[in-house]
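Colleague: What follows is a predicted protein model with its sequence.
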Amino acid sequence: MPYQIVVLIKQMPDLELIKPDPSTGEPNVKSVPLRFETLSKHATEAAVRLKEKYGGKVTGICLGTETAGQVMKEAFAMGVDEGIVITGYQGSNPRYTARILAEKIKSIPHDVVVLGNQSADSYTGMIPGMISSMLGVPLLGNALSIELSDGSAQVLRVMEDRNEKIQSKLPAVISVTQEINEPRLPPVMQILAAGRKPIKTEKAEPGKSYTAIRSNKAPKSERKKQIFEDPVKGIPEVVKALKEAIR
Amino acid sequence: MKTLVYSDSQDIAAQLVAKFSQFGEVTLLVSSGNVDKLKKYGPTSIISFEGPENPDALANIARTAAEKGQHEMIAIGSTTVGRDMAGILAGMIGADVMAEIVDIRNDGGKIVTRRFFLGGKTVLEEETTSKIFTVSPGIAEPAEKAGSPPIEHLGLAASSVSVIEVIPKMASSEDIEKASVIVSVGRGIGSKEGIEKIRPLAEALNGVIAGSRPVCLDYQWLSEEKQVGLSGKKVRPKVYLALGISGQIQHIAGMRGSKMVVAVNKDKSAPIFEEADYGLVGDLYQIVPKLLEALKA
Ligand SMILES: Cc1cc2nc3c(=O)[nH]c(=O)nc-3n(C[C@H](O)[C@H](O)[C@H](O)COP(=O)(O)OP(=O)(O)OC[C@H]3O[C@@H](n4cnc5c(N)ncnc54)[C@H](O)[C@@H]3O)c2cc1C
């Protein structure tokens, strides 16, 4: 049975390039390029593998900025068939993000909606649950593996003190952990071919948020940073400090 | 302000009761099997239920309980189940969520929270009118309180998800959050056998062994509750010794509170050295025996 698979794709600032301003501690987020968010990449890989295993079509939806097309092309190269980019909401209230995404998903055929469990940058973990209740479909959360059969999905859910094999009817929302797979690196030819594929671009109505940011700063690091490249010199110093510290 | 609290983890549930009691009455939502273990922490009242703790069913019961009790805040422990439950509940009742908070206080009538942002690179301090909170483990020290809170039973609705099989995980009794010395290993350890080679050093320092996410989750060379980081434990030992850990921001978010950090890494440009008091550049398998020898001398 061919499945209509939707994967939710997020952009995020390249975290490795984010540096706090030395005097204010505030991050230089605006000047950092946006890339394919880590968990979304695992979700995309999972969605494409479902298509490869069971047949069907993968539609990527990205709520992002004007540069989201670049990320969508990467997703195409990984095996996503169609792409929708929604711009217009730059805030970080997960309920608005979820509402915009859920409205879009409702307008297209969907058996399975795949997304990351907690994004690598904002890390709220709220989108899977919100989308599931906004769509009125079950959530199979924190999946380490996914199987589909006869209109139902089975997932190995990772929990703190145990794992659980859980099951629900389709359509369902499935959130994935980063351990579910190793995302493929598509060959250059595929990326080039992907560049020619059309992407649907739409604009969302942003809502207003009730949260006021008081500060967003890197905690001060006051480490000594005594780094030794020569262990003969370093080890006695380190051992002295260790003995002092555990006394 | 009145709060409804829930966590499928008993530890976090006890912490939530302690923390949110600062703001007024606390109703504890809890599986009937855990009532006895948790009532001693002194919630104002208890609502118990029977049945499997699945996120959608829990969201439903929390909604009913909060409507009946007119709770202004709903605090949910941040676990796999808790996060999914909070998201479902928020979507269901159209309320905002402040997620993954590590601190909450009342500042002249405004609720102010703190949480990690940008993968742990920064801390966001926010004023919020959100109704729902997911709370990171360790927000408060649970304290026992005398009293016998009234207990009410509510029925748990059926879940749209069925649990077919439960697969237990091995857990150890060692608690890395309480250790004063942690020897933490990363992917640079190379193999599970490598961990045994590190053990004598941990023992000499009276420490426990912990690890990065790949070591605990991908390779499972250590069990999951030994993971340090944004998605693992937040530790603040006297000494944190990082062996073969690159120091990605999500790892740093879990060990930033350590008093002294020592890093061993063969790559001198590894970011862990930016977060270390002392660093040794080189192969950990050569450095660890020498450290041990010098420690014992
Ligand atoms: C949402 C999200 C949450 C995450 N949460 C966490 C978390 O809670 N905890 C966590 O740890 N990670 C977390 N991660 C993953 C994190 O981004 C890194 O991938 C991870 O911390 C890297 O682990 P590592 O340092 O062990 O491995 P690597 O980054 O591969 O580093 C290995 C290091 O070992 C060094 N090395 C290799 N061999 C030797 C040797 N013989 N001697 C000395 N040094 C050697 C290398 O130079 C390298 O620096 C999270 C990621 C995301 C996206």
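Modeller: Structure's in. What do you need? Everything quoted here is computed from the prediction, not taken from an experiment. Numbering: from 1, shown residues only, chains lettered A, B, ... in the order given.

Colleague: Lowest mean pLDDT among the helices and strands of chain A, which one is it?
Modeller: Least confident helix or strand, chain A: helix A:188-194 with a mean of 85, by mean pLDDT, DSSP states H and E.

Colleague: Identify all contacting residues around it.
Modeller: A:73-74, A:76-77, A:186 (CB atoms under 8 Å, 6 or more residues apart in numbering or on different chains). The way it works is simple: take the backbone N, C-alpha and C, and place the C-beta from them, glycine included.

Colleague: Surely A:E160 is in contact with B:S231?
Modeller: No: taking contacts as CB atoms under 8 Å, A:E160 lies outside contact range of B:S231: 10.9 Å.

Colleague: More neighbours: which of those two?
Modeller: Using other CB atoms under 10 Å in any protein chain shown, the more surrounded residue of A:E160 and B:S231 is B:S231, with 22 against 18.

Colleague: Which pLDDT value goes with residue 97?
Modeller: Using chain A. Note for A:T97: predicted pLDDT of 95.

Colleague: wait, I meant chain B there
Modeller: On pLDDT, B:V97 comes in at 97.

Colleague: Kindly report the residues of chain A close to the ligand.
Modeller: Applying CB under 6 Å from any ligand atom, we find that chain A lies next to the ligand at A:38, A:118, A:120, A:123, A:178.

Colleague: can you map out the helices along the chain?
Modeller: Going with chain A. A:38-54, A:68-78, A:94-106, A:127-135, A:188-194, A:231-246 (DSSP state H).

Colleague: oops, I was thinking of chain B
Modeller: B:10-20, B:35-38, B:55-69, B:80-93, B:192-204, B:213, B:249-255, B:284-296.

Colleague: can you tell which of the ones you listed is closest to chain A?
Modeller: Nearest of the helices of chain B to chain A, taken as CB to the nearest CB: helix B:80-93 at 1.9 Å.

Colleague: Establish whether that closest one and chain A are in contact.
Modeller: Yes: with CB under 8 Å from any CB of the partner chain as the measure, helix B:80-93 is seen reaching chain A through B:80-81, B:83-92.

Colleague: can you give me the angle that helix makes with helix A:127-135?
Modeller: Calculated by axes from the mean of the first three to the mean of the last three CA atoms, to 10 degrees, helix B:80-93 forms an angle of 40 degrees with helix A:127-135.

Colleague: just how off-centre is helix B:80-93 within its chain?
Modeller: Mean-position distance between helix B:80-93 and its chain equals 18 Å (CA atoms, centre = their mean, to the nearest Å).

Colleague: Which residues are in contact with residue 246?
Modeller: Here I'm looking at chain A. B:180-181, B:205-206, B:238-239.

Colleague: let's do chain B instead
Modeller: Contacts of B:S246 by CB under 8 Å, 6+ apart are B:186-188, B:265, B:267, B:270-272.

Colleague: Next: B:M85.
Modeller: For B:M85, counting by CB under 8 Å, 6+ apart, the contacting residues are A:129, B:6, B:55-56, B:58-59, B:62, B:76.

Colleague: Tell me which of the helices of chain B sits most buried.
Modeller: Per residue and on average, the most neighbours among these fall to helix B:80-93, with a mean of 27 (mean count of other CB atoms under 10 Å in any protein chain shown).

Colleague: residue contacts, the closest residue to chain B within chain A?
Modeller: Closest to chain B within chain A is A:G129: 1.9 Å, counting by CB to the nearest CB. By CB under 8 Å, 6+ apart, the residues touching A:G129 are A:139, A:141, B:55, B:59, B:83-91.

Colleague: Look up how far the ligand lies from it.
Modeller: Distance of A:G129 to the ligand, given as CB to the nearest ligand atom, to the nearest Å: 17 Å.

Colleague: how far away is the residue lying closest to that residue once chain neighbours are set aside from B:L29?
Modeller: Leaving aside its sequence neighbours, A:G129 sits nearest to B:G87 (CB to CB, 6 or more residues apart in numbering or on different chains; 1.9 Å). Noted for B:G87: a distance of 17 Å to B:L29, by CB to CB, to the nearest Å.

Colleague: Return the distance of the residue of chain A closest to chain B relative to B:G232.
Modeller: Counting by CB to CB, the separation of A:G129 from B:G232 is 21 Å.

Colleague: Quick check, pLDDT for the nearest residue to A:M159 once chain neighbours are set aside.
Modeller: Excluding its sequence neighbours, the residue lying closest to A:M159 (CB to CB, 6+ apart) is B:T80, at 4.7 Å. We have a pLDDT of 97 for B:T80.

Colleague: Show the contacting residues for B:T80.
Modeller: Shown in contact with B:T80 (CB under 8 Å, 6+ apart): A:141-142, A:157-160.
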